[in-house]
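Q: below are the sequence and a predicted model; questions follow.
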Amino acid sequence: DIQMTQSPSSLSASVGDRVTITCRASQAVSSYLNWYQQKPGEVPKVLIYDASSLQSGVPSRFSGSGSGTDFTLTISGLQPEDFATYYCQQGYTTPGTFGGGTKVEIK
Amino acid sequence: EVQLVESGGGLVQPGGSLRLSCAASGFTFSNYWMSWVRQAPGKGLEWVANTQQDGSKKYYVDSMKGRFTISRDNAKNSLYLQLNSLTAEDTAVYHCAREVPTGLLDLWGQGTLVTVSP
């Protein structure tokens, strides 16, 4: 199975900050990399699919990049509603493994 | 409305069994791979299993092979997950999710809680 490693596991940031979360795959997954946002008590929400495509309705301050084994989720100008946990997931092969998550907290 | 609604969770003793269901509506269920993903309390997301559109192919995470069985009934627009030989480590919210060809899980149900405890 492909292992997905996210870093950091948590971070503290202020409103307006630029935040970067990384995700590394144990083997190449091409561009089959997705990012989800999950708030407490809620279902995961798709932010980015295919490494860099913005899901419809998601604010443009979210962006994704990378291919192969190294990927990045960037939030440009953190907003209060962005405090949540973020997960990467590879869709290259089954099982579609998730990263361990990155919790973004208010500084 | 496009949605997935899970049911069947509950409290079960170690070694017991449960059958989870997921009712799909608002889209052509038989056109999609479907998946189960679980989340233990306070923990991250864990992919469990998926099944092809006609149910002929099924995949499981290694740790659950032999204990969990995924199935579907396209006539009833329903997905199922049979859970056997449950342990405390299986305590989690179980979500069903729609899977698109790139592996993206683009539609999620609210989940059903399975609690394994004496």
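A: Yep, it's here.

Q: close to chain B: what parts of chain A are there?
A: Within reach of chain B by Cβ under 8 Å from any Cβ of the partner chain, chain A has these residues: A:1, A:32, A:34, A:36, A:38, A:43-44, A:46, A:49-50, A:85, A:87, A:89-101. (C-beta placed from N, C-alpha, C; glycine too.)

Q: give the PyMOL command for selecting the buried subset of those.
A: Per 16 or more other Cβ atoms under 10 Å in any protein chain shown, the buried members of these correspond to this PyMOL selection:
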select buried, chain A and resi 32+34+36+38+43+44+46+49+50+85+87+89+90+91+92+94+95+96+97+98+99+100+101
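
Q: so A:Val43 makes contact with B:Val93?
A: No - A:Val43 is not in contact with B:Val93 according to Cβ atoms under 8 Å; the separation is 9.6 Å.

Q: what touches both of the two?
A: Common neighbours of A:Val43 and B:Val93, using Cβ atoms under 8 Å, 6 or more residues apart in numbering or on different chains, are B:Gly111.

Q: who touches A:Thr93 in this structure?
A: A:Ile2, A:Val29, B:Gly103 are the contacts of A:Thr93 under Cβ under 8 Å, 6+ apart.

Q: again, 10 Å this time
A: For A:Thr93, the contact set (Cβ atoms under 10 Å, 6 or more residues apart in numbering or on different chains) comprises A:Asp1, A:Ile2, A:Gln27, A:Val29, A:Tyr32, B:Tyr59, B:Gly103.

Q: ok, B:Asn77 next?
A: When contacts are counted by Cβ under 10 Å, 6+ apart, B:Asn77 touches B:Leu4, B:Cys22, B:Ala23, B:Ala24, B:Ser25, B:Gly26, B:Phe27, B:Thr28, B:Phe29, B:Ser30.

Q: measure it to B:Ser7 for me?
A: 14 Å (Cβ to Cβ, to the nearest Å).

Q: now list whatever residues contact both of those two.
A: B:Cys22, B:Ala23.

Q: partner residues bridging residue 98?
A: In the absence of a named chain, this looks at chain A. A:Gln89 (DSSP bridges).

Q: switch to chain B, that's the one I care about
A: Note on B:Arg98: beta-bridge partners by DSSP bridges are B:Met34, B:Leu107.
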